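>>> Show me the folded form of this:
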Amino acid sequence: MHQTATTNELRTILVFSALYLIASAVCAFGTGNGEFVFYIVVMAVQLAALLFVHSRVGLSKALIWALSIWGLLHMAGGLLPIPSSWNRGEGGSVLYNLWLIPERLKYDQIIHAYGFGITSWLCWQALGKAILGATGKVVRASAGLMILCAAAGMGFGALNEVVEFFATLSLPETNVGGYENTGWDLVSNLVGSTIAVLLIYFRARVGAATPQHPADQ
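Predicted coordinates:
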């Protein structure tokens, strides 16, 4: 059976998350980074939503930690400056604009893939709990359910792009990027969600002999 995060474990993760959000807020206000003041508010709303979902579903400790780490990587991506020498002389860049493989792979794309892969995992845990509550039966990771969870993860990724779009309308300067950047963000979300559900599916096949709660996957 999966191990739902205990109250003490949840408190530890919340303290960790609050510390980096406070540090990020101080940094954003200190540098006049209006974009990340906006994103910190969005993060706080998302944290409240996560607590609500956890109260209904009982998310696993590993998943909540993974989500908190995603938040930390997101804050670092938008606030940490990088030397211009790291990006072929492009000054004024933050970590999100760092090319890990020149002209091929950005830090931003890795974080999108990771984050919305984790979101697909969250959707699986929530779906498994809903089916268990409605039918009393533990559901297995079928191909159809995996496609549904991947689609849900990508849907949340698309919602993120909508939020970023409104940020570009309301803020004078952002690091969101243009149409091509949005396209690659969506591709990254697809890759991350696909990898996540494949891992869930094949792990379920390996452990098929032992009944488990879906949130274990």
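
>>> make it CA atoms for all contacts and neighbour counts henceforth
OK.

>>> Could you name the helices and strands sitting against the lowest-mean-pLDDT helix or strand in the chain?
The helix or strand of the chain with the lowest confidence, counting by mean pLDDT, DSSP states H and E, is helix 34-57 at a mean of 87. Contact partners of helix 34-57 among helices and strands, from 3 or more Cα pairs under 8 Å, 6 or more residues apart in numbering; DSSP states H and E: helix 7-31, helix 61-79, helix 107-135.

>>> Give the buried residues for stretch 52-59.
54, 57-59 (16 or more other Cα atoms under 10 Å).

>>> just to revisit the earlier point, and among the helices and strands packed on helix 34-57, the most buried is which?
Mean neighbour count (mean count of other Cα atoms under 10 Å) peaks for helix 107-135 among the helices and strands packed on helix 34-57, with a mean of 21.

>>> sorry, back to before: with L100 as the reference, name the closest of the helices and strands packed on helix 34-57.
helix 107-135 (6.3 Å; Cα to Cα).

>>> by contact count, what packs against the closest one?
Packing contacts for helix 107-135, counted by 3+ Cα pairs under 8 Å, 6+ apart, involve helix 34-57, helix 61-79, helix 143-170, helix 179-206.

>>> how about a cut-off of 6 Å?
Packing partners of helix 107-135 (3 or more Cα pairs under 6 Å, 6 or more residues apart in numbering; DSSP states H and E): helix 143-170, helix 179-206.

>>> Report the buried residues of the last one.
Okay, so that is helix 179-206. Buried residues in helix 179-206, counted by 16+ other Cα under 10 Å: 182, 184-198, 200-201, 204.
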